[in-house]
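S.K.: Pasted the sequence and its predicted model underneath.
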Amino acid sequence: MTPPDLSRAATEAGAIAAAWAAEGGPGGALVVFDTAGPREVVAGGLASLEHGLPFTPATPTRWASISKQFCATTALLAGFRPEDRLAALVPGLAPAIGALPLARAMDMTGAIPDLMETLWLLGLPFSASLSEAELLELCRRLPGTGGAPGEEMAYSNTG
């Protein structure tokens, strides 16, 4: 097994955090780790858009689903590019959702409505089982975003 390139990972994490800071929008923290534990933590962007508070490694926050990080990594390793538009990946999406870059879906700043919450509001129990085709069709029926993309981070299982 090839050992992880922690230096390269830290450099890439720093570049991502720097981009968040340069955008002046929502931020976050990235943890570079290996089997021995955390090796580097970088942060950027804002923890509070309203107050202009920077996001730092010490900013209190909650963890997102860990599977999303692995899904995003797998997508990138498979050749998907962060700048790819969602419409090219999932034909038939509403124009506002289809115009979003993949990066906005992966970092939860795309304002994509949460499909699970939408289904609950429609009366479908959380225990319901849906096929991939059914879920994609429901995504195509979402009318648009739930806000302005890039304005805030909003957890979304659809992203």
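M.R.: Everything's here; your move. Residues are numbered from 1 along each chain as shown.
S.K.: When you work out contacts or count neighbours from here on, use the C-alpha atoms and nothing else.
M.R.: OK.
S.K.: now for the helix or strand Ala17 falls within, which elements pack on it?
M.R.: Using DSSP states H and E, Ala17 falls within helix 6-23. Here helix 6-23 touches strand 28-34, strand 37-44, going by 3 or more Cα pairs under 8 Å, 6 or more residues apart in numbering; DSSP states H and E.
S.K.: So what does the spatially most central residue of the chain look like in phi/psi?
M.R.: Central residue of the chain (Cα atoms, centre = their mean): Asp107, 2.1 Å from the mean position. Per-residue torsions, Asp107: phi -100, psi 10 (degrees, to the nearest 10).
S.K.: Report the contact partners of it.
M.R.: Met153 (Cα atoms under 8 Å, 6 or more residues apart in numbering).
S.K.: Against Thr2, how distant is Phe33?
M.R.: According to Cα to Cα, to the nearest Å, Phe33 stands 15 Å off from Thr2.
S.K.: swap in Leu89?
M.R.: 31 Å.
S.K.: Of the two, give the one with the bigger neighbour count.
M.R.: Leu89 (12 against 4; other Cα atoms under 10 Å).
S.K.: Just the element for Gly123, please.
M.R.: Under the assignment given by DSSP H and E, Gly123 is not contained in any helix or strand.
S.K.: And the contacts of stretch 111-130?
M.R.: 97, 105, 138-139, 142, 144-150, 152-159.
S.K.: ok so, going back, least reliable of the helices and strands packed on helix 6-23 going by mean pLDDT?
M.R.: Note on the helices and strands packed on helix 6-23: lowest mean pLDDT is at strand 28-34, with a mean of 87.
S.K.: That'll do, ta.
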